[in-house]
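> dropping the sequence and predicted coords here.
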Amino acid sequence: MTTRLRSVRAEDKFTEIELDRWTKQLNALKSHVKFEANIYVPEENASAIHFIRIKQNDADKTSTASAKTSTSNHRERFADVNGLAKLEDGGACVRHTDADSKFIYTRGERLYSEGRHVVRFCIENGSASYNVFIGICSSNVGFRQIIYNLAVVAGWFSNSEVWVHGKNKTNSKAKEAEHDDLKANDVLQLTIDCDRKQLELFHERTNKNQILNVNLAKAPLPWHVLLALRRQNDCVRILSDT
């Protein structure tokens, strides 16, 4: 179309029919251009027939890049549920709703592949260490397949029991385990250190701290936060993350 326009302009041979047809074609092109915020359409006013050039706006490129960065750095929240549970407050809170005492699973929305990150959880409703599991799972396994004793999972039932790559380590000190039982309003702090391939769980009320090494061959990065609840109305809230 551009070649034809230049040809007739050089020969000074314009007809009313041609002008009308080209005008309609140009208007059709304008109407089909998508993402108007990302382009501007300068026109050459030197000739009777205006040529159109479509250019990418550099400011919009910067804006798009910033939006992607912002999305990847958004706050942690629960995004998926495997079982009868309800997400509340935009995913900041998860509540077990099944009348049967069986585990339901939820995982965080963010992916962790590098750096050190801290997520704080509040046990808003629930008790007993073996009713709440907090840890991580690899993102390369379908969420519907996730249970706490899979090889791609690592984490804790409070300070009483550790599960890592399908194996458990139970706290043999009964009195200590009883003291570590979760109570309503307890706060647990999960540290995810991707660079050192470690997890750390700190129980603020009991001042107990545990470190867990993760084998990337069994639980490869990136990771999701993984939470399991066992009893109806058990409820956990994400307080903050860094």
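Done, it's in. Just so it is clear, the model here is predicted, and its values are computed rather than measured.

> switch to C-alpha atoms for all contacts and neighbour counts from now on
Noted.

> may I see the domains of this protein written out as residue ranges?
2-71, 76-241 (automatic domain parsing).

> give me the mean pLDDT for the first one.
Confidence over domain 2-71 (mean pLDDT, whole number) is 51.

> and for the last one?
The average pLDDT for domain 76-241 rounds to 91.

> measure it end to end?
For domain 76-241, the first-to-last residue distance is 6 Å (CA to CA, to the nearest Å).

> please begin residue numbering at 7 from this point
Let's use 7 as the start, then, which means that last one is domain 82-247.

> if I look at E210, how far off is N137?
E210 sits 18 Å away from N137, going by CA to CA.

> which of those two has more residues huddled nearby?
N137 (19 against 13; other CA atoms under 10 Å).

> state the distance from that one to C200.
In terms of CA to CA, N137 sits 27 Å off from C200.

> could you pull up the residues touching L245?
By CA atoms under 8 Å, 6 or more residues apart in numbering, the contact set of L245 is 98, 125-128.

> recalculate using a threshold of 10 Å.
Listed by CA atoms under 10 Å, 6 or more residues apart in numbering, the contact partners of L245 are 82-83, 98-99, 125-128, 193-195.

> and it, what element?
Using DSSP states H and E, L245 sits in strand 241-247.

> quick one, helices of this protein?
Ranges of helices in the chain, per DSSP state H, are 8-17, 22-38, 64-78, 180-185.

> what bridges to the nearest residue to L218 once chain neighbours are set aside?
Spatial nearest neighbour of L218, excluding adjacent residues (CA to CA, 6 or more residues apart in numbering): L205 at 5.0 Å. Note on L205: beta-bridge partners by DSSP bridges are I198, L218.
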